[in-house]
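In: Sequence first, then the predicted structure:
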Amino acid sequence: MGDRRFLDLPGPFALDRGGELPGVRVAYETWGTLAADGGNAVLVEHALTGDSHVVGGTGPGHPTPGWWSGIVGPGAALDPDRWFVVCANVLGGCQGTTGPSSAAPDGRPWGPRFPEITVGDQVRVEAALADALGIERWACVAGGSMGGMRALEWAVAEPDRVAAVFFLASAAVASADQIGTQTTQQAAIRSDPVNGLGIARRIAHLTYRSALELGARFGNQVQPDGRYAVASYLDHHADKLAARFDAGSYVVLTEAMNSWDVGRGRGGVEAALGRVTARALVAGVDTDRLYPPEQQQRVADALGVPLRLIASPYGHDGFLIETVAVDALLRELLDRRD
C-alpha cells in the first residue's frame with residue numbers, strides 16, 4: 001500500500017463560508033491493514049505544501065519524497081504492522097484532491113473562481129473519507145502546522161471519533177502576525193502570476209527557519225556569482241515549490257489558515273477545547289517564530305496537559321526535521337492508556 005487512491009464524494013458539498021462544490025474528489029494513501037474492529041486507524045494530517053505521500057517511494061504515484069518517513073514505517077511510531085495509517089490530500093490542494101487546478105462544471109480549471117474554504121470544510125471531507133473506509137473512530141489524529149489545525153478541529157468537532165490527538169507546532173486561532181505574513185504571500189501571487197509563488201515561498205521559508213540557523217549556515221556570505229548565499233538558498237526552495245505546487249492552491253489554503261479559529265461559533269477557544277475528550281499530547285519547537293510555543297501553551301493549558309517542547313535550531317521546520325523527537329512523543333501518546 002501507499003499508492004495514491006481516489007474517492008469521489010457526491011455533491012453538492014456545502015461550504016462554511018457560503019457556496020458549494022458540485023462534488024469532491026479526495027486523493028489519499030494508506031499503509032497497513034485495518035483491524036477487524038477498526039480500532040487501529042490513524043489519520044496523519046499534512047501541512048500547507050504537503051500531500052498524501054507520507055512515506056518515501058518511487059513511481060508515478062509518488063511525486064515527492066515522503067515528508068514524514070521517519071514517523072511512518074517499520075519500527076517507527078506509526079508502524080504499518082500495528083497501525084492502519086491514512087493520509088489524504090487536503091480539500092483545496094493540488095495533489096489529486098479537488099482544488100483550484102481541478103475542472104469546474106464548465107470544464108475549465110476553477111482557478112480564482114474556486115470558493116473560499118475553511119479548516120472545518122476540510123475535516124468534513126476527511127470524515128466522509130473515514131466513513132467510506134469503514135473507520136468509525138480514529139485511534140489518533142496527528143498533524144503539525146496546518147495539519148495541526150485539522151487535528152484539533154477533528155478533536156473538537158467530532159470528539160466521539162477521536163481517541164487521541166497529537167497537536168504539533170500549530171495554533172488554536174490564527175494570529176495577526178500569521179495572517180499578515182500569509183496575506184503578503186497571497187499579494188505576491190496575485191500581482192505576479194508567473195513568479196509570485198516563488199516570491200511567496202521565499203517569504204514563507206524565512207518564517208519556517210530560525211534566525212539562529214540561517215546565521216550559522218549563511219551569515220553574510222557572497223557566492224562567486226555575486227548572490228548572497230542565503231538568497232541562493234531561498235531561490236532554490238522557491239524553484240522547487242513552483243515546479244510542484246499550484247499557486248491557486250497556495251492562496252486558497254493560506255486563506256483557510258487565516259480564517260482558522262477553533263473557537264468561532266463555539267463560545268471561544270477555551271470553550272471549544274472543553275469539548276475534547278481525546279487523550280492529547282501538545283508539542284512545539286522551541287525556536288519556532290511562525291507558531292511560537294505560547295500558542296501551543298494555550299492549547300495545552302485548555303486541555304490540561306503539559307506542553308512538550310522539542311529543542312531544535314531549525315525553527316518551525318523542526319516539526320518535519322526532528323523526526324527522532326517527534327517519533328518518541330507520538331509513540332508515548334499511542335502507548336498511553338489514561
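Out: On my side now, so go ahead. Keep in mind that this is a model prediction, so the values were computed, not measured.

In: Helix or strand: which one has residue 13?
Out: Using DSSP states H and E, residue 13 falls within strand 5-14.

In: Going by neighbour count, which residues of stretch 303-320 are buried?
Out: 303, 307-310, 312-320 (16 or more other CB atoms under 10 Å). For every residue, glycine as well, the C-beta is placed using N, CA and C.

In: thinking again about what came up before, buried sites along the strand holding residue 13?
Out: Neighbour counts using 16+ other CB under 10 Å place 7, 9, 13 of strand 5-14 among the buried residues.

In: I'd like to check the angle between whichever helix or strand comes after that strand and strand 5-14, please.
Out: Using DSSP H and E, the next helix or strand after strand 5-14 towards the C-terminus is strand 20-31. Comparing the axes of strand 20-31 and strand 5-14 via axes from the mean of the first three to the mean of the last three CA atoms, to 10 degrees yields an angle of 150 degrees.

In: From the chain's centroid, how far away is strand 20-31?
Out: Distance of strand 20-31 from its chain centroid, counting by CA atoms, centre = their mean, to the nearest Å, is 16 Å.

In: now for that strand, which elements pack on it?
Out: Contacts defined by 3 or more CB pairs under 8 Å, 6 or more residues apart in numbering; DSSP states H and E place strand 20-31 against strand 5-14, strand 84-88, helix 119-133.

In: With just CA atoms, put stretch 258-273 into PDB.
Out: The C-alpha coordinates for stretch 258-273 follow below in PDB (Å, rounded to 0.1, in the frame of the first residue of the first chain):
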ATOM      1  CA  ASN A 258      -6.000  32.800   8.000                       C
ATOM      2  CA  SER A 259      -9.700  32.200   8.900                       C
ATOM      3  CA  TRP A 260      -8.800  29.400  11.400                       C
ATOM      4  CA  ASP A 261     -10.300  29.900  14.800                       C
ATOM      5  CA  VAL A 262     -11.300  26.700  16.600                       C
ATOM      6  CA  GLY A 263     -13.500  28.800  19.000                       C
ATOM      7  CA  ARG A 264     -15.600  30.600  16.300                       C
ATOM      8  CA  GLY A 265     -19.200  29.800  16.900                       C
ATOM      9  CA  ARG A 266     -18.300  27.700  19.900                       C
ATOM     10  CA  GLY A 267     -18.000  30.300  22.600                       C
ATOM     11  CA  GLY A 268     -14.300  31.000  22.200                       C
ATOM     12  CA  VAL A 269     -11.100  28.900  22.100                       C
ATOM     13  CA  GLU A 270     -11.200  27.600  25.700                       C
ATOM     14  CA  ALA A 271     -14.900  26.600  25.500                       C
ATOM     15  CA  ALA A 272     -14.300  24.800  22.200                       C
ATOM     16  CA  LEU A 273     -11.300  22.900  23.600                       C
END
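
In: thinking again about what came up before, looking at the buried residues of strand 5-14, spot the one nearest residue 258.
Out: Within those, the smallest distance to residue 258 is 21.2 Å, found for residue 13 (CB to CB).

In: Which residue is the nearest non-sequential neighbour of that closest one?
Out: Spatial nearest neighbour of residue 13, excluding adjacent residues (CB to CB, 6 or more residues apart in numbering): residue 21 at 4.5 Å.
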